[in-house]
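A.B. asks: build me a structure from this.
(one chain, ligands or ions: 1)
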Amino acid sequence: MMNPLYESAPVAHLEVDLDGLICRVNDVGAAAFGRATSHLVGKPLVSLFPDGPTGRARVRHLLAGLEADAEEVAFVHGDGAERWVRMFGWPVRGSDGAPRAIQIIFLDITEQRRLRLELEGSEARFRLLGDSAPIMLWIAGRDARCWSFNQRWLEFTGRPMEMEVGDGWVEGVHPEDLQHCMDTYLTAFVHRRDFRMEYRLRRADGQYRWILDTGLPHYGLDGQFAGFIGSCIDITDFKEANESLRIMKGQLERRVKEAGVAIQARDEFLSIASHELRTPLSALVLQLAGLQKALHAEQLQSLNGKLTGKVDKAVKATARLTTLVDNLLDVSRIASGRLQLQLETSDLADVARDLIERVTDAARRAGCELRCRIEPRIPGVWDRVRLEQILDNLISNAMKYGPGHPIEVTIAAAGNTATISVRDHGIGIAKEDLERIFGRFERASTRNYGGLGLGLYITRQLVETHGGTIQVTSEPGAGALFVVQLPRWPEARTAPELPPEERAPR
Ligand code: ADP
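C.D. replies: You can find the predicted model right below:
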């Protein structure tokens, strides 16, 4: 019997008799199976389903139970494709209450099922990925409640998933960090903006560890906001290392500052002390020189040779004192950048010859024969006094550290470069000291020789202020060779046109 309401109901519907044969099917039902109504009516319902536990067996179960729950059943559509339906069945009873037939409505759930399986698959994949990840992960839904944590997180907190989900995880956050943590977290949810925060989280052993938590909003396949996914790392060690580094840096900066202040104080002291010493020393030098001259002139030494000898010694001592104080003055000038050259055109050969003459006596007393090879004329633009000082320092050191041995002094020029070399055959210098000895107050192991360790420092500064270089080569026990190279005409590469008397003879 045709029932228009039944036929046009928007739900797939069919009825089977107690033998399992289809007695009625509406249009929607026929369409769901992809078959004509005439093709279906009279057929056993099970014949529409393929053999197997998800097909025919389930339909049999539905029919046998009469009041079966929903069953998901696979079948083959008229177009040949496998599809899935969910079936709900209930008995139609006669007036005697005995079942007469079975009503079944069914829904095509093929698409739903595919999506569900896909989602389950991707969730399973995500879980696998999350559990094997070396970081802690969490997922929260749209309501900001967490619904999943990976294995790492659970191992870290030592709590089961049931205790962590929802707001459970908050119990592990350090009370002092809780407010900031929740503010950041909830604000991010409201604005759906990624966040990054640090807080202390209780580890399974009860210790609070610093966690860097980074959360990103995530969206479903439909583009709808679905919640947040977060990753966390334990940054406690990093933070501690950073903190010690910060403290160390602070200490270092303080020490550098203190050292700077100490150096400045020492330089100031050096400057004041040497200036203070220099004035009475100059007066003393003058007085002594006068006295010495008078004593020698008056031939008094024959009368009182002892006194003359004493005065001679005092003159020598004051000369040495003068050199020391002058050195200190030079060092303080260098330290404060006040070292200035009095540049003028002068002849290095002249300067060298004058100096050699002045040190000949001292050399003889030291048992050093001075073997000099000095070109006749080496004009250039130099500070004459400082040139002399450079040479004096080198020759004095050669005498001091090589007494009883000859000293070779060679002074020559080639192009724009003048070269001074002083070679001795004394104690020599160990390899590790070769660079150091040019430093301020630096001395090699020559304690019993006396000295402040300033001569070479000042020499190098003077040479470099002239635009030149100084180098040393030496073997311990085999003497040392100091070579100074100076530009002759600092401003030009070639010699300027000099008056004829200034020119070096060819
Ligand atoms: P000082 O001679 O007053 O100690 P210098 O600055 O002139 O200071 O020299 C620094 C150090 O270099 C010396 O203490 C010495 O150890 C070493 N030195 C310098 N010249 C020579 C040399 N000709 N032979 C061996 N050692 C030398």
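A.B. asks: going by C-alpha atoms from here, please, whenever you check contacts or count neighbours.
C.D. replies: Fine.
A.B. asks: show me which residues of the protein sit near the ligand.
C.D. replies: 397-398, 401, 427-429, 437, 442-446, 451-457, 480 (C-alpha under 6 Å from any ligand atom).
A.B. asks: around the residue in the stretch 101-250 of the chain positioned nearest to the ligand, count how many other residues there are.
C.D. replies: As assessed by C-alpha to the nearest ligand atom, the ligand sits closest to Lys249 within the stretch 101-250 of the chain, at 34.5 Å. Lys249 has 12 neighbouring residues, counting by other C-alpha atoms under 10 Å.
A.B. asks: what's stretch 138-151 in contact with?
C.D. replies: By C-alpha atoms under 8 Å, 6 or more residues apart in numbering, the surrounding residues in contact with stretch 138-151 are 127, 130-132, 136-137, 153, 161, 164-167, 186, 189, 225-231.
A.B. asks: sitting in helices, which of those residues do you find?
C.D. replies: Mapping those onto helices (DSSP state H) picks out 127, 130-132, 153, 161, 164, 186, 189.
A.B. asks: now for Arg440: which residues touch it?
C.D. replies: Residues in contact with Arg440 (C-alpha under 8 Å, 6+ apart) are 453-454, 457.
A.B. asks: sorry, back to before: which of the ones in helices among the contacts of stretch 138-151 count as buried?
C.D. replies: 127, 130-131, 153, 161, 164, 189 (16 or more other C-alpha atoms under 10 Å).
A.B. asks: bridged to Cys146, which residues?
C.D. replies: Ala140, Gly166 (DSSP bridges).
A.B. asks: look up how far Asp312 lies from it.
C.D. replies: Cys146 sits at a distance of 99 Å from Asp312 (criterion: C-alpha to C-alpha, to the nearest Å).
A.B. asks: you'd agree Ser21 is up against Lys43?
C.D. replies: Not Ser; residue 21 is Leu. Yes: between Leu21 and Lys43 there is a contact at 5.3 Å, judged by C-alpha atoms under 8 Å.
A.B. asks: what about the two, which has more around it?
C.D. replies: More neighbours surround Leu21 than the other of Leu21 and Lys43, with 18 against 15 (other C-alpha under 10 Å).
A.B. asks: how about low-confidence regions in the stretch 201-350 of the chain?
C.D. replies: 298-306 (pLDDT under 70).
A.B. asks: domain parsing for the protein?
C.D. replies: 4-108, 122-234, 252-335, 341-502 (automatic domain parsing).
A.B. asks: adding distance to Leu245, write those out as TSV.
C.D. replies: Below are the domains of the chain laid out as TSV (distance: least, C-alpha to C-alpha, whole Å):
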stretch	distance to Leu245
domain 4-108	65
domain 122-234	18
domain 252-335	10
domain 341-502	32
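A.B. asks: nearest to Asn242, of those?
C.D. replies: Evaluated over the domains of the chain, closeness to Asn242 peaks at domain 122-234, with 12.9 Å, by C-alpha to C-alpha.
A.B. asks: now the end-to-end length of that closest one.
C.D. replies: 28 Å.
A.B. asks: flag the shaky bits of this structure, pLDDT-wise.
C.D. replies: Ranges of the chain meeting pLDDT under 70: 1-9, 65-71, 121, 128-129, 298-306, 445-447, 490-506.
A.B. asks: phi, psi for the residue with the largest distance to the centre of it please.
C.D. replies: The C-alpha centroid of the chain is most remote from Asp96, which lies 90.9 Å away (C-alpha atoms, centre = their mean). Main-chain torsions, Asp96, degrees, to the nearest 10: phi -80, psi 0.
A.B. asks: same thing with the one 3 residues further on?
C.D. replies: Recorded main-chain torsions at Pro99 are phi -60, psi 140, according to degrees, to the nearest 10.
A.B. asks: list the contacts for it?
C.D. replies: The contact partners of Pro99, taken as C-alpha under 8 Å, 6+ apart, are 18, 91-93.
A.B. asks: kindly report the same for Gln292.
C.D. replies: 308, 311-312, 315.
A.B. asks: make it 6 Å
C.D. replies: Contacts for Gln292 (C-alpha atoms under 6 Å, 6 or more residues apart in numbering) come out as none.
A.B. asks: make 284 the starting number, not 1.
C.D. replies: Yep, numbering from 284; the last one is Gln575 now.
A.B. asks: what about it, which helix or strand?
C.D. replies: Take DSSP states H and E as the rule and Gln575 turns out to sit in helix 519-580.
A.B. asks: also Phe389?
C.D. replies: Applying DSSP H and E as the criterion places Phe389 in strand 382-391.
A.B. asks: greatest separation within the ones in helices among the contacts of stretch 421-434: which pair is it?
C.D. replies: Within these, Ser415 and Leu469 form the most distant pair, 28.1 Å apart (C-alpha to C-alpha).
A.B. asks: what's the first helix or strand after the helix or strand containing Ser615?
C.D. replies: Element membership for Ser615 (DSSP H and E) is helix 588-618. Downstream of helix 588-618, the first helix or strand assigned by DSSP H and E is strand 627-630.
A.B. asks: direction included, what does that next one pair up with?
C.D. replies: When DSSP bridges is applied, strand 627-630 pairs with strand 662-665 (antiparallel).
A.B. asks: what's the strand it pairs with in contact with?
C.D. replies: Outside strand 662-665, the residues touching it (C-alpha under 6 Å, 6+ apart) are 626-630, 771-772.
A.B. asks: quick check on those: which are buried?
C.D. replies: Buried among those (16+ other C-alpha under 10 Å): 629-630, 771-772.
A.B. asks: burial of the closest residue to Ile387 other than its chain neighbours, as a residue count?
C.D. replies: Using C-alpha to C-alpha, 6 or more residues apart in numbering and skipping the chain neighbours, the partner closest in space to Ile387 is Gly372 (4.4 Å). Gly372: 23 surrounding residues under other C-alpha under 10 Å.
A.B. asks: what about Gly372, is that helix, strand or coil?
C.D. replies: strand (DSSP: H, G, I helix; E, B strand; the rest coil).
A.B. asks: tell me if I'm right that it and Leu390 touch.
C.D. replies: No: Gly372 is not in contact with Leu390 according to C-alpha atoms under 6 Å; the separation is 12.0 Å.
A.B. asks: who does the strand or helix carrying Cys306 pair up with?
C.D. replies: Assigned by DSSP H and E, Cys306 belongs to strand 305-308. Note on strand 305-308: by DSSP bridges, its sheet partners are strand 295-300 (antiparallel).
A.B. asks: what angle sits between the strand it pairs with and strand 382-391?
C.D. replies: 150 degrees (axes from the mean of the first three to the mean of the last three C-alpha atoms, to 10 degrees).
A.B. asks: which residues touch strand 295-300?
C.D. replies: 305-309, 311-312, 384-389.
A.B. asks: rerun that using 10 Å as the cut-off
C.D. replies: Residues outside strand 295-300 that contact it (C-alpha atoms under 10 Å, 6 or more residues apart in numbering): 289-290, 304-316, 323-328, 346, 370-375, 382-391.
A.B. asks: ok and the residue in the stretch 534-683 of the chain nearest the ligand?
C.D. replies: For the stretch 534-683 of the chain, C-alpha to the nearest ligand atom, closest residue to the ligand: Ala681, 4.2 Å.
A.B. asks: now do the contacts for that residue.
C.D. replies: 646, 651, 675, 688-691, 705-711, 762-765.
A.B. asks: what's the spacing between it and Gln507?
C.D. replies: Counting by C-alpha to C-alpha, the gap from Ala681 to Gln507 is 90 Å.
A.B. asks: so Phe313 makes contact with Ala319?
C.D. replies: Check again: residue 313 is Ala, not Phe. Yes: with contact defined as C-alpha atoms under 10 Å, Ala313 counts as touching Ala319 (5.9 Å).
A.B. asks: neighbour count for these two, which is higher?
C.D. replies: Ala313 (21 against 14).
A.B. asks: my guess is that one is in a helix, correct?
C.D. replies: Yes: applying three-state DSSP, one finds Ala313 inside a helix.
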